[in-house]
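sharing a model that was predicted from the sequence below.
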Amino acid sequence: MDKLAGFETFVCAVEMRSFTAAADSLGLSSQQVGKQIRNLEQHLGVKLLHRTTRRQSLTDFGRSFYEQVTINARPRGKLRVNAPVSWGCGRWPRSYLPS
C-alpha cells in the first residue's frame, strides 16, 4: 500500500467533505478514493471515518490522525538542493531561487 497516497486521499476527502469532490480533485474515481481510505484504515487497524450514503464524519481517532498528518505535512526549515544552475532554472519557481 502506498501510505503517502492514502494520507493525501484521506486529507483531501476530509477537507472536501466528499469522496466525489476528493476524487475530482485527485483525478481518481470515487471508488478508488473509498478503496484507498479503506486500505489506510486496514493498515492502521482503526476506522477513520463514519460513512453513510449521504455524509461522512471523522471518528475521534480520525480527527486526531488528520491533525497529526496535516501538522507534519507543513513545510518548515530550509531545503538545500545541490544541482547545476541550469537544472534549477527550468524546474523551480523563481521565488524559490536566490536572487
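All right, it came through fine. Source: prediction; values computed, not measured.

contact partners for Gly6?
Gln36, Ile37, Asn39, Leu40, His43 (Cβ atoms under 8 Å, 6 or more residues apart in numbering). C-beta: built from backbone N, CA, C; applies to glycine.

same question but for Ser18, I mixed them up
Per Cβ under 8 Å, 6+ apart, neighbours of Ser18: Gln56.

now with 10 Å?
By Cβ atoms under 10 Å, 6 or more residues apart in numbering, Ser18 lies in contact with Cys12, Asp24, Ser25, Ser30, Val33, Arg55, Gln56.

from these, which shows the smallest pLDDT?
Within the contacts of Ser18, the minimum per-residue pLDDT falls on Arg55 (85).

hang on, that residue packs against Arg17?
Yes - Arg55 lies in contact with Arg17 (Cβ atoms under 10 Å); the separation is 7.8 Å.

looking at the contacts of Gly6, which are in helices?
Residues of these located in helices (DSSP state H): Gln36, Ile37, Asn39, Leu40, His43.

I'd assumed Phe7 was in contact with the third one.
What it means is Asn39. No - the criterion here is Cβ under 10 Å, and Asn39 misses it with Phe7 at 11.4 Å.

re earlier: scan the contacts of Ser18 and report the most crowded one.
Using other Cβ atoms under 10 Å as the neighbour test, the contacts of Ser18 are led by Val33, with 24 neighbours.

shouldn't that residue be within a strand?
No - judged by DSSP: H, G, I helix; E, B strand; the rest coil, Val33 forms no part of a strand; its state is helix.

which residues does it contact?
Going by Cβ under 10 Å, 6+ apart, the list of residues near Val33 reads 9-10, 12-13, 16, 18-26.
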